[in-house]
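Participant: From the sequence below, what's the structure:
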Amino acid sequence: MKPFARALIITADDFGLHQSVNEAIEQAHRDGVLKATSLMVGAPCVADAVARAQRLPGLRVGLHLVLADGSSSLPAARIPDLVDASGRFKGSMFGAAVRIFFLPRVRRQLALEIRAQFEAFRATGLALDHVNTHKHFHLHPTILGQILEIGREFGLAAMRLPREAHPQWFLRPWLGLVRRRLSRAAIRHNDYVVGIRESGRFDEATLLEALAHLPAGVGEIYLHPALDSGERIAASMRGYRHADELAALCSPRVRSALEVLRLAPIGFSDLGVRP
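Facilitator: Reported below is the predicted structural model:
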């Protein structure tokens, strides 16, 4: 299949995290421009999220692997080097990244957790549209390698490339390496994302500005919609304007801007294999 001259994936992360998030994602899909979402299989409201997805056949659902800033799917006794006694991932992402890279026992536990999350997604019966990670942790080479290896057994065919349209110069070689690994594995992926710098504050004006300056190629705009905002959703989301992001997704002005651009939002599964 020939590469797209321009295409746009609009995704909502954190499906299952909170009832307010689930309600917003359903609303943004039914009444707005949202096409895809990423499911946290170990989150508190995952059962409600799956039930909503099952009655929304047009909503593309992927796996949002949580390997930091969240709770594991496996019990703490199975992966003690990754999580605390309550099952939450330990410490900073930097510290976890170092342990994963240097310690074989931590890598073995990581593989167990990644597999458990893929198995939990398969158990939902939903088609796997894509895979990404909470906080873009698949930029870590070991994590990416394990996802590619394990995910193949579960039908992994597409992943998010967390590369902004104009990344900082020192990130370009690293992002290029990630892209090459995805391409070698025949994994569909976007060419760029919009949302890293704007994370948590994607209001209507910001989304319209992003749409007015989309580069060529396949882009992904990802948001975090909810009916409530900030710490009401999660302690780590202080300052996030979730409700503004929901309003942006449901904005008639945003829908009109997409029509002018002749861009109908798609999911990752609508892409051909990327070159």
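Participant: what ranges do the helices span in the stretch 1-150 of the chain?
Facilitator: 19-31, 46-54, 93-102, 104-124, 141-151 (DSSP state H, counting those that start in this stretch).
Participant: Which of the ones you listed sits closest to residue 241?
Facilitator: helix 19-31 (12.2 Å; Cβ to Cβ). In short, each C-beta sits where N, CA and C put it, glycine included.
Participant: What lies in contact with that closest one?
Facilitator: Residues from elsewhere that reach helix 19-31, judged by Cβ atoms under 8 Å, 6 or more residues apart in numbering: 12, 14-16, 34-35, 37, 45, 48-49, 52, 56, 58-59, 224-228, 232-233, 242-243, 246, 249-250.
Participant: Now with 7 Å, please.
Facilitator: 12, 14-16, 34, 37, 45, 48-49, 52, 56, 59, 225-228, 233, 246, 249-250 (Cβ atoms under 7 Å, 6 or more residues apart in numbering).
Participant: on that earlier part again, ranking the helices of the stretch 1-150 of the chain by burial, who's on top?
Facilitator: Ranked by mean neighbour count, the helices of the stretch 1-150 of the chain are led by helix 19-31 with a mean of 22 (mean count of other Cβ atoms under 10 Å).
Participant: orientation of that one relative to helix 46-54 in degrees?
Facilitator: 0 degrees (axes from the mean of the first three to the mean of the last three Cα atoms, to 10 degrees).
Participant: Now do the residue nearest to residue 105 when sequence neighbours are not counted against residue 154, distance only.
Facilitator: Leaving aside its chain neighbours, residue 105 sits nearest to residue 81 (6.2 Å; criterion: Cβ to Cβ, 6 or more residues apart in numbering). Going from residue 81 to residue 154 by Cβ to Cβ, to the nearest Å gives 24 Å.
Participant: got it, and residue 222?
Facilitator: Residue 222 is 22 Å from residue 154, by Cβ to Cβ.
Participant: what's the answer for residue 127, then?
Facilitator: From residue 127 to residue 154 the distance is 11 Å (Cβ to Cβ).
Participant: neighbour-wise, which of the two wins?
Facilitator: Neighbour totals were compared for residue 127 and residue 154, and residue 154 leads with 16 against 13 (other Cβ atoms under 10 Å).
Participant: measure that one to residue 121 for me?
Facilitator: From residue 154 to residue 121 the distance is 7 Å (Cβ to Cβ).
Participant: re the thing from before, can I get the helices of the stretch 1-150 of the chain in TSV including distance to residue 207 and mean pLDDT?
Facilitator: Rendered in TSV, the data for the helices of the stretch 1-150 of the chain read as follows (distance: least, Cβ to Cβ, whole Å; pLDDT from 0 to 100):
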stretch	distance to residue 207	mean pLDDT
helix 19-31	12	98
helix 46-54	23	98
helix 93-102	28	95
helix 104-124	28	98
helix 141-151	29	98
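Participant: biggest strand in the chain by residues?
Facilitator: strand 6-15 (DSSP state E).
Participant: So which elements touch that strand?
Facilitator: helix 19-31, strand 36-39, strand 217-223 (3 or more Cβ pairs under 7 Å, 6 or more residues apart in numbering; DSSP states H and E).
Participant: Of those, which is nearest residue 142?
Facilitator: Comparing the helices and strands packed on strand 6-15 by Cβ to Cβ, strand 36-39 comes nearest, at 21.2 Å.
Participant: Which elements pack onto that closest one?
Facilitator: strand 6-15, strand 60-65.
Participant: and with 8 Å instead?
Facilitator: Applying 3 or more Cβ pairs under 8 Å, 6 or more residues apart in numbering; DSSP states H and E, one finds that strand 36-39 makes contact with strand 6-15, helix 46-54, strand 60-65.
Participant: any chance of these in TSV, with distance to residue 85 too?
Facilitator: Listed next are the helices and strands packed on strand 36-39 as TSV, based on distance: least, Cβ to Cβ, whole Å:
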stretch	distance to residue 85
strand 6-15	25
helix 46-54	22
strand 60-65	22
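Participant: which stretch among those comes nearest residue 101?
Facilitator: Once the helices and strands packed on strand 36-39 are compared by Cβ to Cβ, strand 60-65 is nearest, at 17.6 Å.
Participant: Okay, and the beta partners of the residue minimising distance to the centre of the chain?
Facilitator: Against the mean C-alpha coordinate of the chain, by Cα atoms, centre = their mean, the closest residue is residue 132 at 4.3 Å. Beta-bridge partners for residue 132, by DSSP bridges, are residue 64.
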